[in-house]
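>>> curious how this folds, go ahead:
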Amino acid sequence: GMGYSWQVALAAVLAEGLIFILLSLFNVREAIFNAIPFNLKKAVSVGIGLFIAFIGLQNAKIVIGGSTLVGLFSLKGYNETLAEGLTASMSDAGITVLLAVIGVIITAVLVVKNIKGNILWGILITWGLGVICQFAGLYVPNPDLGFYSLLPDFSNGISIPSLAPIFCKFSLDGVPLLEFAVIIFAFLFVDIFDTIGTLIGVASKADMLDKDGKLPRIKGALMADAIGTTAGAMLGTSTVTTFVESASGVSEGGRTGLTSLTTAVLFLLSLLLSPVFLAIPSFATAPALIVVGFYMVGAVSDIDFKDPSQGIPAFICIAAMPFFYSISEGISMGVISYVAVNAVTGRAKKISPMMYVLALLFILKYIFMKPKTSRKPQNPKAPEARQKHTTKAAESLATLAPSAASLYPFSFPSLTQPASLPPGTGQESRAFAGALAHPGLREAALWSGMDLSERSELSMPDHALSRFPEALDVPGPETSPDFLTRSGTCTPA
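Numbers count the residues shown, from 1 in each chain. The predicted model follows:
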């Protein structure tokens, strides 16, 4: 992190949104979209499909980390990834993986039978099977590992959090103009190409691209995205942008703005029914992501692999998205390789001027943008050392609690009481693993400039930090369970 407050980050998002509006008005973003060759557009759609499917496999824990970076789930392998003192069993992790696999088969059958709403029915049926397993004792909730009750919990009542603490809270105090420009550029660069990539993928799936690979009336879609980013900053949230999960709605037949408006209304209603949606587990939604990935990968047949000058950059783009875990990185690799291969082999005339500009910008980004630094492992073994780390980490996280509470309606009492987390019991591991996984703390950390992946900033014990490594890099409700709430480590504010 750069050490600035979340108010400064919101100001950067607001500036990014205003720049987006200008770029959309003057058709710059549309020119970028149209400059990407047809085969590369199809490759983006395929890459997003693989990316979505990979996320689904991870959420269901069908795929887990291991000596080969990724591998098929096994209880032994999964337990090796857990923190000290934690052990999974067939009644928690094992049964959920089995239910996810069954959910994929059920959803696939519904798709083959052409049942209307097949993806939604697949989620609900898989969730229902999980509830039956819980009543039968086959599934036993284990909050320490992130496996919660599958029944909605209305014990805390229904409430809608206030926007007052974060509404229009912008600040530029103590920020040099040049550094603020760097922050804006970082947001702008990633968001532009994530949006374009998502738009390409979803439009391809909806069969809305014309014969030249252009999207009719794209200006309206880009302007809606730009206004959403600006309005989101005013409402105190991170960048509002297009999300690749929209492909699931498109696969069900959604094509017009009425689909989006209906979704918006349902999101508003979901504020009142949040306990129901929180009870839907990731193993129930994972089959939907996997099947949507199948839908989007179908575009691979449209790519001209017979021409290596087109096929090789397309392949690099497809492979980069899931392997680099980023849509924008996939696009950048595809653009750079396309320009390099075609320019060197005497096909420079096929490359549009905008593609040269994009390739140059991507190369400059890799040269000048600060990469993520890797974590250097430490291993404090003595209880006293663990307690010291626990105390320092609690103090660091406690500074984020007010901001986190303004983003999500939670308070974090135990984080200000490190003495209540005895060393050597694994309780501190569970508490901080939950904190890292909690979306409110992650977002508050972003705004405050604290990098949760940097041990030097958080002073996190090894076994605690290894508990939820995916929470450091993967946003979204499937990988951000409200661990602290259900385990009793935090309570609703």
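>>> ok, Ala83 to Leu69 distance?
Separation of Ala83 from Leu69 (C-beta to C-beta, to the nearest Å): 20 Å. For the C-beta atoms, the positions are set from N, CA and C on the backbone; glycine is no exception.
>>> which one of those two has more residues nearby?
Ala83 (21 against 7; other C-beta atoms under 10 Å).
>>> got the phi/psi numbers for the more buried one?
Phi and psi for Ala83, reported as degrees, to the nearest 10, are phi -70, psi 170.
>>> and Gly220, how many neighbours does it have?
As a burial measure, Gly220 scores 11 neighbours (other C-beta under 10 Å).
>>> how about the helices in the stretch 51-200 of the chain?
Ranges of helices in the stretch 51-200 of the chain, per DSSP state H, counting those that start in this stretch, are 75-80, 95-112, 118-136, 177-205.
>>> pipe these into JSON lines and attach mean neighbour count per row.
Output for the helices of the stretch 51-200 of the chain, formatted as JSON lines (neighbours: other C-beta atoms under 10 Å):
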{"stretch": "helix 75-80", "mean neighbour count": "14"}
{"stretch": "helix 95-112", "mean neighbour count": "20"}
{"stretch": "helix 118-136", "mean neighbour count": "18"}
{"stretch": "helix 177-205", "mean neighbour count": "20"}
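>>> can you tell me the average pLDDT over whichever strand or helix holds Ala288?
Assigned by DSSP states H and E, Ala288 falls within helix 282-297. For helix 282-297, mean pLDDT is 91.
>>> mind giving me the packing neighbours of it?
Using 3 or more C-beta pairs under 8 Å, 6 or more residues apart in numbering; DSSP states H and E as the contact test, the elements touching helix 282-297 are helix 38-59, helix 95-112, helix 118-136, helix 177-205, helix 246-251.
>>> out of those, which is closest to Val13?
Using C-beta to C-beta as the criterion, the shortest distance between Val13 and the helices and strands packed on helix 282-297 is 6.3 Å, found for helix 177-205.
>>> just want the angle from the closest one to helix 282-297.
Angle, helix 177-205 to helix 282-297, by axes from the mean of the first three to the mean of the last three C-alpha atoms, to 10 degrees: 70 degrees.
>>> what's next to the helix or strand containing Ala221, contact-wise?
Using DSSP H and E, Ala221 sits within helix 218-234. Residues outside helix 218-234 that contact it (C-beta atoms under 8 Å, 6 or more residues apart in numbering): 10-11, 13-14, 16-18, 20-21, 23-25, 27, 29-30, 33, 167-168, 170, 191, 195, 199, 215, 238-242.
>>> and that helix, which residues are buried?
Ile218, Ala221, Leu222, Met223, Asp225, Ala226, Gly228, Thr229, Thr230, Gly232, Ala233, Met234 (16 or more other C-beta atoms under 10 Å).
>>> now do it, average pLDDT.
For helix 218-234, the mean confidence score works out to 86.
>>> about what we covered before: could you dump the helices and strands packed on helix 282-297 into JSON lines with distance to Phe368 and mean pLDDT added?
Listed next are the helices and strands packed on helix 282-297 as JSON lines, based on distance: least, C-beta to C-beta, whole Å; pLDDT from 0 to 100:
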{"stretch": "helix 38-59", "distance to Phe368": "24", "mean pLDDT": "91"}
{"stretch": "helix 95-112", "distance to Phe368": "42", "mean pLDDT": "95"}
{"stretch": "helix 118-136", "distance to Phe368": "42", "mean pLDDT": "94"}
{"stretch": "helix 177-205", "distance to Phe368": "9", "mean pLDDT": "80"}
{"stretch": "helix 246-251", "distance to Phe368": "32", "mean pLDDT": "74"}
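>>> nearest to Ser74, out of those?
Evaluated over the helices and strands packed on helix 282-297, closeness to Ser74 peaks at helix 95-112, with 9.5 Å, by C-beta to C-beta.
>>> rewinding a little: looking at the buried residues of helix 218-234, which is nearest Asp307?
Taking C-beta to C-beta as the measure, Asp307 lies nearest Ile218 of the buried residues of helix 218-234, at 26.6 Å.
>>> tell me how far the closest one lies from Leu271.
Shown here: Ile218 relative to Leu271, a distance of 31 Å by C-beta to C-beta.
>>> any idea of the pLDDT on the nearest residue to Gly236 once chain neighbours are set aside?
Among residues not flanking Gly236 along the chain, Ile166 sits closest, at 2.8 Å (C-beta to C-beta, 6 or more residues apart in numbering). Looking at Ile166, its pLDDT reads 82.
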